[in-house]
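Engineer: Sequence and predicted structure are below.
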Amino acid sequence: MSPASPARIAPSADVSPEASIGDGSSIWHLAQVREHAVLGEDCIVGRGAYIGEGVRMGRNCKVQNYALIYEPARLGDGVFVGPAVTFTNDHFPRAVNPDGTLKSASDWEPVGVTVEDGASIGARAVCVAPARIGAWATVAAGAVVTKDVPAHALVAGVPARRIGWVGRAGRPLVPAQDDAVGVSTADHASRAQDAAVPPPAAGTRLWRCPATGALYEETLAANSSENTIREVTH
């Protein structure tokens, strides 16, 4: 087994000596990584990106150019953060107190954004803290997230709303056992698999990933915005 590669830090990057950068990670030009931030192995932080004090990132994360990750954000493994994404960290942002004095660190309570394993945040999206982005969810470019996003949800718009489900490959899921006209060529193989799939249980709906063939079961709630989905097979 070959030894892990050391982290690569561009000469113009500003990385605190109190930050921890995992082996194999790359910090590119003009990026800043603050004190006590912890980055896992094989992460990439793009040009001009900001990683706040104490932020934690898992392994294999990609933070693209000029993204702003303010503390106390938490990112799981394999998280993608697109260019110019912003994670906020304040319930009631103000520069000054009611008496006009400048706010200090002790005058506010930071709240963070949590992003679970495999999730992706599209370019220029804004995630307003506190919010949790579920595993393998996708936030579309330009969306404004103001509440928690379920695992595997595809959300878009301002404020962001769920418009579909996505699998681990990032592709939108398609209905399983669907004999509707217009099924794409890529879905024909999946339809053959679906012939062997038992009917969904009451109150559920089955979906399939057109890229991997994995099967998912959606649980239907009285309010569709509260539906959830889980992966049944790989």
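Structural biologist: Arrived safely.

Engineer: Show me what counts as buried in stretch 81-99.
Structural biologist: Across stretch 81-99, burial judged by 16 or more other Cβ atoms under 10 Å covers 81-89. Quick note: C-beta positions are derived from backbone N, CA and C, even for glycine.

Engineer: JSON lines for those residues, including pLDDT, distance to Gly122 and secondary structure?
Structural biologist: Shown next, in JSON lines, are the buried residues of stretch 81-99 (pLDDT from 0 to 100; distance: Cβ to Cβ, whole Å; DSSP: H, G, I helix; E, B strand; the rest coil):
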{"residue": "Val81", "pLDDT": "98", "distance to Gly122": "9", "secondary structure": "strand"}
{"residue": "Gly82", "pLDDT": "98", "distance to Gly122": "5", "secondary structure": "coil"}
{"residue": "Pro83", "pLDDT": "98", "distance to Gly122": "9", "secondary structure": "coil"}
{"residue": "Ala84", "pLDDT": "98", "distance to Gly122": "10", "secondary structure": "coil"}
{"residue": "Val85", "pLDDT": "98", "distance to Gly122": "8", "secondary structure": "coil"}
{"residue": "Thr86", "pLDDT": "98", "distance to Gly122": "12", "secondary structure": "strand"}
{"residue": "Phe87", "pLDDT": "98", "distance to Gly122": "13", "secondary structure": "strand"}
{"residue": "Thr88", "pLDDT": "97", "distance to Gly122": "17", "secondary structure": "coil"}
{"residue": "Asn89", "pLDDT": "95", "distance to Gly122": "20", "secondary structure": "coil"}
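
Engineer: ok, which pair from the residues you listed is furthest apart?
Structural biologist: Within those, Pro83 and Asn89 form the most distant pair, 19.8 Å apart (Cβ to Cβ).

Engineer: distance from the centroid: which residue in this protein tops it?
Structural biologist: Distance from the C-alpha centroid of the chain, by Cα atoms, centre = their mean, peaks at Asp99 (38.5 Å).

Engineer: what's the spacing between that residue and Asp107?
Structural biologist: For Asp99, the distance to Asp107 (Cβ to Cβ, to the nearest Å) stands at 11 Å.

Engineer: Could you do Leu30 as well?
Structural biologist: Leu30 sits 30 Å away from Asp107, going by Cβ to Cβ.

Engineer: and these two? which has more neighbours close in?
Structural biologist: Neighbour totals were compared for Leu30 and Asp107, and Leu30 leads with 16 against 11 (other Cβ atoms under 10 Å).

Engineer: On the C-terminal side of the worst-scoring helix or strand of the chain on mean pLDDT, identify the next helix or strand.
Structural biologist: In the chain, no helix or strand scores lower on mean pLDDT, DSSP states H and E than helix 185-194, which sits at a mean of 51. As assigned by DSSP states H and E, the chain's next helix or strand after helix 185-194 is strand 204-208.
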